[in-house]
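In: Just a sequence and a predicted model for now, questions to come.
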Amino acid sequence: MKKRLPALLLALSMLTPLPARAAQPETPPVSPWACDAMYEALALGLWEADGTESVLEEITDEQLERIRSIVSDRLALLKAPARAPAPPPAINTTRGGVVNALYRQAAVWDFPEVETDADAVDCLVEMGVLLGRGEARDLALESPCTLQEALVMAQRLVLHLYDRRGAGAQGFFWRAEGNGNTLYLLGTIHVDRDNIYPLSGRLREIIAGADDAIFEVDFGDKEDTQAFLAMQDYPEGEALRDHVSGALFQEAVSVGAALPQPYTMDEAAVDRYKPWAYANLVNSVTLLMGEDSLEDPLAVDIYIYNKAASSGVTVDAVESYVYQGELFDSLSGPYQAGYLSGALSGFRAAQRGDTVSSGVEDISRWVEWWKNGDAASFAAAYGKDEVLRAADELDERLLLRRDPGMIEYADRYLSAEGPRTGILVVGAAHMIGETGVVRGLQALGYTVELAPDGR
């Protein structure tokens, strides 16, 4: 039997992260100096930019406890030997109290740079976690600590300890060179789960230091996003119930009511969707099942896009949301119905805790390989060339039609007048296999090497 990947896994490895239909809350204002650090804090799960918290106000005890807990969870993943419990720290909501809280959280683990009998302030200053306020670098230890200041210090602590150990997600990463230009190729898993952050220090450096960052779509193009969202709905006078069987429609409505917040919807909302669009929505929820929170997932592509944009990197796109929507819109009616049925079945399997049938188990395996930079294991498990031999409608559109455009873009970049350094960020499935970007560039004569450590 020819290999066929579940719909969820196809979407995860090839489809750009979907834009939200509902209006998103405004991000609370942050100080210009803190923007990049606050974005890292968001990626690490230290806070949610949902507009409910003013980051410029004094941190509360509840907020500090949440930060301490998440820092503890992130540091535990480094698997350093545990130490005997430290004496209760003098924790309060002053800057000094927050420093004590973070220091004590790190001192639980046997990190050489965090000695149990060290002065907390001296220790965090030496690690670059505590820098002080203003040009005078006033430590202001007795002053109230804002939520923003606590978050900035917390993410500095986590990143410092990860970077010193060469830890952090490596990604599926190649380096291509030509005509004095360098183009890093990053194949992504379009997801935010299984502790995918932080990215490795070297990968973050490459993103921030690139001249150009190229994505499947321009996530900041509001006109393209709105046009794509409009494509997902039937025009006036048509509805989902008119295009699928009664049983499939009723299951779609039932799943809509069962979707976790904030995705729950009623029958009227479900009825507006085209089958492929509703299937993609259900798939995007299913891939987050089992996570602590389904709100505000930060897919790697979105993270890198915002990191690049905030660093002044020029951003470009190979495709558009509308182009991707047209690929789905052109699927035959029977295929769309089958695609929807598969998505609903995957959600039900995830509901039952069946991680195998839902594809969630495969997702976790892929993410683990991605964090370790193990592109070979991903390519072997995915079996792209075998998948394409099945001559499936969706595979043909999402892979065979799109791989050549990505190769062409990379070729233009590498053959242009240099030197320039860029990073191409697209779904991992586009990088591998006979039709993928890596083989395509090699066939054109470029030097392309796997660089799991980003060097």
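Out: Received it, and whenever you're ready, just let me know what you need.
In: Can you identify the element that follows whatever helix or strand Tyr162 lives in toward the C-terminus?
Out: Element membership of Tyr162, judged by DSSP states H and E, is helix 147-164. With elements assigned by DSSP H and E, the helix or strand that comes after helix 147-164 is strand 172-178.
In: ok now that following strand, how far from the chain's centre?
Out: Relative to the mean C-alpha coordinate of its chain, strand 172-178 is positioned 21 Å out (C-alpha atoms, centre = their mean, to the nearest Å).
In: Confirm Ala380 sits in a helix?
Out: Yes. Counting by DSSP: H, G, I helix; E, B strand; the rest coil, Ala380 is found in a helix.
In: so how far is Asp316 from it?
Out: Distance from Ala380 to Asp316, counting by C-beta to C-beta, to the nearest Å: 32 Å. For every residue, glycine as well, the C-beta is placed using N, CA and C.
In: Equivalent analysis for Ala428, please.
Out: Ala428 sits 20 Å away from Asp316, going by C-beta to C-beta.
In: Can you show me the strands along the protein?
Out: In the chain, strands defined by DSSP state E lie at 172-178, 181-188, 212-215, 314-317, 421-427, 447-450, listed in chain order.
In: if we look at the fifth one, which residues are touching it?
Out: Around strand 421-427, the neighbours that count as contacts under C-beta atoms under 8 Å, 6 or more residues apart in numbering are 13-16, 181-188, 190, 206-207, 209-216, 300-301, 304-305, 308, 318, 406, 409-410, 413, 437.
In: report the angle between the axes of that strand and strand 181-188?
Out: Interaxial angle of strand 421-427 relative to strand 181-188 (axes from the mean of the first three to the mean of the last three C-alpha atoms, to 10 degrees): 20 degrees.
In: Mean pLDDT per helix and strand in this protein: which one sits at the bottom?
Out: When each helix and strand of the chain is scored by mean pLDDT, DSSP states H and E, helix 7-14 comes last, with a mean of 52.
In: List the beta-bridge partners for Ala317.
Out: For Ala317, the beta-bridge partners are Phe215 (DSSP bridges).
In: Pretty sure it sits against Val217.
Out: Yes. Using C-beta atoms under 8 Å, Ala317 makes contact with Val217 at a distance of 5.1 Å.
In: higher neighbour count, the two?
Out: Legend: neighbour count by other C-beta atoms under 10 Å for Ala317 and Val217, higher for Val217 (23 against 20).
In: How about the contacts made by that one?
Out: By C-beta under 8 Å, 6+ apart, the contact list for Val217 reads Thr16, Asp224, Ala317, Glu319, Ser320, Tyr321, Gln324.
In: from memory the second one sits against Tyr323, does it?
Out: The reference is to Asp224. No. The pair formed by Asp224 and Tyr323 falls short of the contact definition of C-beta under 8 Å, at 9.0 Å.
In: if we can go back for a sec, where among the strands of the chain is average confidence lowest?
Out: Mean pLDDT per stretch puts strand 447-450 lowest among the strands of the chain, at a mean of 92.
In: Name the strands paired with that strand and say parallel or antiparallel.
Out: Partner strands for strand 447-450, per DSSP bridges, with pairing direction: strand 172-178 (antiparallel).
In: No further queries at this time; thank you.
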